[in-house]
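Trainee: what follows is a predicted protein model with its sequence.
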Amino acid sequence: MGVPDGVASVAVEVYDDGFACLAARDAALLARADVLAAAAPSGPAVSEARIGVIVSSARPEPATARTPWWRSVLARLNSRAVRTHFGTVAGVVILGALLWHLGTGVLLDGLRGIDATTLVVSLLIGVATTVLSAWRWALVARGLKIHLPLGPAVADYYRALFLNAALPGGVLGDVHRAVRHGQSAGDLGRGVRSVVLERVAGQIALTVVGTAMLLTMPSPVLGEVRHFAPLVGLAAVGALAVVVALRMNKAPSRRGTRLRSTLAEAREGLLSRRNWPGVTISSLLILAGHLGMFVLAAKVAGSGASVAVLLPLAVLALVAMGLPLNIGGFGPREGVTAWAFGAAGLGASSGVAVAVVYGVLSFVAALPGAVVLVARWYTSLKAGSGAAPEPDGAYARPSSEVSSEKIAPKESARLASSSLPFSAEPSEGRPMTPESV
């Protein structure tokens, strides 16, 4: 190959030592490089015309762009503290603005009209609606294969109503009821879903009955409802058709499997053959109780409107109560009722008075929940003093459709429930107060 013998012998020696097997080829390449370097013209490697300025110091970094003020405001509005207290602040602002604009004279006159008979009637209405709500909850839980006796369900429902009325937001009682029931039953997710489905049943009844009332009875929104109802119906049908088509042409995924499982539980809890009659009847009777409470509040506040006029206004007030921008229910309900009464020619001040009286009567109807709190607080104190506690077996017995291993509460779930406020577990030994929520 034209490689000198000395180079070849070196390559053989290197190869023998195990360091390289291509040393001969490398030597040839080096020799060729020397020839090319000798033939290159002499002179500088780079022409003087292409020599630039040598920078001895680093280029300064550009100034960092300042964050726009509106982004800072949005970041603060999206903070956890603002999200937590936004509903309470909104309720206070709405109620304060109404009282400042309309005055407190009509409001005080309405509150003076509350007598002992009114309080007794509101308590009786509360008993009826609470027992029916607990029965509906027990039916939904049974559909989800969770055993829930009616007695403990009534006590827990009363406690949740009282916490909803006494604490900001209006939902903390239901949250506590869901978590405690799920941990006591040994299946937190299924227990929470039973509470959610029970509340969904009430909202469905309000939507169906309320829409029928607003479409057929005179109200400030009669024209708007009749105009938008067909469009909303067509949009709902079209959206349902699109969802069905996508599900038929899409391969099953983990999210789709979870959605189908949730829909199956909802169908079993609300629409099964043995559940839907009880869920439907209880939901309608509960709604009738709330509407009756509103009519009673209107009569106590001095409104002379007929029941036919008051019922659509009551539906609007109940819809406004579902917004989480209130203090124990006060806030949007008063604003919407003031507007509805004013639009109906009954006076905005009268609407505020009716809404406030309704809130007071609803709070009175939920007062037995305070008795439940005190009783369980005393039980917890008694257990902490060394008295032998009775086992809490309210949710321990499994349903007849499932085995006891799946439904009976485990020891870990019972210990975990002690971290919840207002827990009825007698082994806690600490007081239960609303401030701990």
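Mentor: That came in fine, so what should we check first? Worth saying up front: this structure is predicted, and the values here are computed from it rather than measured.
Trainee: low pLDDT regions in the stretch 1-150 of the chain?
Mentor: The stretch 1-150 of the chain contains residues with pLDDT under 70 at 1-92, 94-95, 98-99, 101-107.
Trainee: now do the helices in the stretch 201-350 of the chain.
Mentor: 222-249, 254-270, 276-300, 307-321, 332-343, 348-365 (DSSP state H, counting those that start in this stretch).
Trainee: would you point to the one among those helices that's packed deepest?
Mentor: Among the helices of the stretch 201-350 of the chain, the stretch with the highest mean neighbour count (mean count of other CB atoms under 10 Å) is helix 348-365, at a mean of 26. Quick note: C-beta positions are derived from backbone N, CA and C, even for glycine.
Trainee: I'd like to know which elements it is packed against.
Mentor: Secondary-structure packing of helix 348-365 (3 or more CB pairs under 8 Å, 6 or more residues apart in numbering; DSSP states H and E): helix 80-102, helix 105-112, helix 116-143, helix 150-166, helix 276-300, helix 307-321, helix 332-343.
Trainee: picking that back up, including mean pLDDT and distance to residue 158, could the helices of the stretch 201-350 of the chain go into CSV?
Mentor: Formatted as CSV, the helices of the stretch 201-350 of the chain follow (pLDDT from 0 to 100; distance: least, CB to CB, whole Å):
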stretch, mean pLDDT, distance to residue 158
helix 222-249, 68, 35
helix 254-270, 78, 22
helix 276-300, 95, 14
helix 307-321, 92, 18
helix 332-343, 88, 21
helix 348-365, 91, 10
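Trainee: can you tell which of those helices is closest to residue 174?
Mentor: helix 307-321 (13.3 Å; CB to CB).
Trainee: rewinding a little: now distance to residue 121 too, for the helices of the stretch 201-350 of the chain, in JSON lines please.
Mentor: As requested, those are arranged in JSON lines below (distance: least, CB to CB, whole Å):
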{"stretch": "helix 222-249", "distance to residue 121": "30"}
{"stretch": "helix 254-270", "distance to residue 121": "31"}
{"stretch": "helix 276-300", "distance to residue 121": "6"}
{"stretch": "helix 307-321", "distance to residue 121": "16"}
{"stretch": "helix 332-343", "distance to residue 121": "20"}
{"stretch": "helix 348-365", "distance to residue 121": "8"}
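Trainee: out of those helices, flag the one nearest residue 146.
Mentor: Among the helices of the stretch 201-350 of the chain, helix 254-270 comes nearest to residue 146, with 9.7 Å by CB to CB.
Trainee: between helix 116-143 and that closest one, find me the angle.
Mentor: 130 degrees (axes from the mean of the first three to the mean of the last three CA atoms, to 10 degrees).
Trainee: helix 254-270 to helix 276-300, inter-axis angle?
Mentor: Per the same axes, to 10 degrees, the angle that helix 254-270 makes with helix 276-300 is 70 degrees.
Trainee: tell me, how many residues neighbour residue 220?
Mentor: Number of residues near residue 220 (other CB atoms under 10 Å) recorded here: 18.
Trainee: if we can go back for a sec, between the helices and strands packed on helix 348-365, which gets nearest to residue 368?
Mentor: Residue 368 lies closest, by CB to CB, to one member of the helices and strands packed on helix 348-365: helix 150-166, at 4.9 Å.
Trainee: helices or strands up against whichever helix or strand comes after that closest one?
Mentor: Using DSSP states H and E, the helix or strand that follows helix 150-166 in sequence is helix 172-185. Other helices and strands packing on helix 172-185, by 3+ CB pairs under 8 Å, 6+ apart, are helix 150-166, helix 188-216, helix 411-416.
Trainee: turn those into JSON lines, including distance to residue 125.
Mentor: What follows is these, written out as JSON lines (distance: least, CB to CB, whole Å):
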{"stretch": "helix 150-166", "distance to residue 125": "12"}
{"stretch": "helix 188-216", "distance to residue 125": "16"}
{"stretch": "helix 411-416", "distance to residue 125": "36"}
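Trainee: most tightly packed of the ones you listed?
Mentor: Of all the helices and strands packed on helix 172-185, helix 150-166 has the most neighbours on average by mean count of other CB under 10 Å, namely a mean of 23.
Trainee: I would like the residues contacting that helix, please.
Mentor: For helix 150-166, contacts defined as CB atoms under 8 Å, 6 or more residues apart in numbering pick out 126, 130-131, 133-135, 137-138, 141, 170-174, 176-177, 180-181, 328-329, 362-363, 365-373, 376, 394-395, 422, 434, 437.
Trainee: from residue 173, how far out is the closest residue to residue 181 other than its chain neighbours?
Mentor: Spatial nearest neighbour of residue 181, chain neighbours left out: residue 191 (4.3 Å); criterion: CB to CB, 6 or more residues apart in numbering. Residue 191 sits 15 Å away from residue 173, going by CB to CB, to the nearest Å.
Trainee: do residue 135 as well
Mentor: Distance from residue 135 to residue 173, by CB to CB: 18 Å.
Trainee: tell me which of the two has more neighbours.
Mentor: Between residue 135 and residue 173, counted using other CB under 10 Å, residue 173 has the larger neighbour count: 26 against 21.
Trainee: so for stretch 201-209, mean pLDDT?
Mentor: Taken as a whole, stretch 201-209 carries a mean pLDDT of 94.
Trainee: state the distance from residue 308 to residue 291.
Mentor: 12 Å.
Trainee: quick one, what contacts the residue nearest to residue 160 when sequence neighbours are not counted?
Mentor: Distances taken as CB to CB, 6+ apart place residue 173 nearest to residue 160, at 3.5 Å, with adjacent residues excluded. Shown in contact with residue 173 (CB under 8 Å, 6+ apart): 159-165, 167, 369.
Trainee: need those residues in JSON lines with distance to residue 277 and pLDDT, can you?
Mentor: What follows is those, written out as JSON lines (distance: CB to CB, whole Å; pLDDT from 0 to 100):
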{"residue": "159", "distance to residue 277": "28", "pLDDT": "94"}
{"residue": "160", "distance to residue 277": "25", "pLDDT": "94"}
{"residue": "161", "distance to residue 277": "25", "pLDDT": "93"}
{"residue": "162", "distance to residue 277": "30", "pLDDT": "93"}
{"residue": "163", "distance to residue 277": "30", "pLDDT": "91"}
{"residue": "164", "distance to residue 277": "28", "pLDDT": "88"}
{"residue": "165", "distance to residue 277": "30", "pLDDT": "86"}
{"residue": "167", "distance to residue 277": "34", "pLDDT": "80"}
{"residue": "369", "distance to residue 277": "28", "pLDDT": "94"}
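Trainee: switch these over to a markdown table; also include distance to residue 220.
Mentor: Formatted as a markdown table, those follow (distance: CB to CB, whole Å):
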| residue | distance to residue 220 |
| --- | --- |
| 159 | 37 |
| 160 | 33 |
| 161 | 30 |
| 162 | 33 |
| 163 | 33 |
| 164 | 28 |
| 165 | 28 |
| 167 | 32 |
| 369 | 34 |
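Trainee: please consider this matter closed, and thank you.
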